[in-house]
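Undergrad: here is a sequence with its predicted model. Questions after.
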Amino acid sequence: MLSACSHLDHSGVRPGVSTLAEVQRSLGPPAMRWSTPEGIERLAFTTSPMGYQTWMVTIGAHGRVSTIENVLTMPHFAHIQAGLSQEDVLRTLGPPYPGWTIYYRARDELVWEWRYCDAWAEPARFSVLFDGASGRVRSTIAQPERMSMPWGSGNRREWCSP
């Protein structure tokens, strides 16, 4: 099952060469997909909940892969700013893991969460906090898992090694 994989192997997918059929043979079915009127498709392949990547694959109008990149990285998280819609966040990061989505009624706040490997090769969580009424981003939080998990502060860097 794709979501159970901690490290999705995309080595067979090559920009300019691979077709959509080859991508799906290698990565499985996409978790989400978007199409443009120009015939360009963007597909999200997630490894959550236990994995650390969401691969965004762009298929050009020519039917071949244009780009493939892991979007669960700090440069991509930096694009998530206050005021963005939920759809904007999905198009940037792909889907969050539904089991970690929570609504805080007292704050009227919806929180989506993604697991990733931080700059220190340590498992971490990136959370996007949405205003419940507008569905717009209020803020974001990134922190190592060891800071919020009950099993302590042990070394988990080996979890992020390939």
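TA: Cool, the structure landed.
Undergrad: elements contacting the helix or strand of the chain with the lowest mean pLDDT?
TA: Within the chain, no helix or strand scores below helix 20-27, which has a mean of 90 by mean pLDDT, DSSP states H and E. For helix 20-27, the helices and strands in contact under the criterion 3 or more Cβ pairs under 8 Å, 6 or more residues apart in numbering; DSSP states H and E are strand 41-46, strand 54-59. C-beta here means a position set from N, CA and C on the backbone, and glycine is covered the same way.
Undergrad: one more pass at 7 Å, please.
TA: In terms of contacts (3 or more Cβ pairs under 7 Å, 6 or more residues apart in numbering; DSSP states H and E), helix 20-27 is packed against strand 54-59.
Undergrad: so how many other residues sit close to the closest residue to M74 other than its chain neighbours?
TA: Excluding the flanking residues, the one nearest M74 by Cβ to Cβ, 6 or more residues apart in numbering is A119, at 6.5 Å. Taking other Cβ atoms under 10 Å as the neighbour definition, A119 ends up with a count of 8.
Undergrad: measure A119 to P144 for me?
TA: When distances are taken as Cβ to Cβ, to the nearest Å, A119 and P144 turn out to be 10 Å apart.
Undergrad: Three-state assignment for the residue lying farthest from the centre of the chain, please.
TA: Relative to the C-alpha centroid of the chain, counting by Cα atoms, centre = their mean, A106 is the outermost residue, at 27.5 Å. Classification of A106 by DSSP: H, G, I helix; E, B strand; the rest coil places it in helix.
Undergrad: with E113 instead?
TA: Here E113 takes the strand state, with states given by three-state DSSP.
Undergrad: how about it, nearest residue that isn't a chain neighbour?
TA: Among residues not flanking E113 along the chain, W100 sits closest, at 4.1 Å (Cβ to Cβ, 6+ apart).
Undergrad: against V57, how distant is the nearest residue to Q81 once chain neighbours are set aside?
TA: Spatial nearest neighbour of Q81, excluding adjacent residues (Cβ to Cβ, 6+ apart): V137 at 6.7 Å. When Cβ to Cβ is the yardstick, V137 and V57 sit 25 Å from each other.
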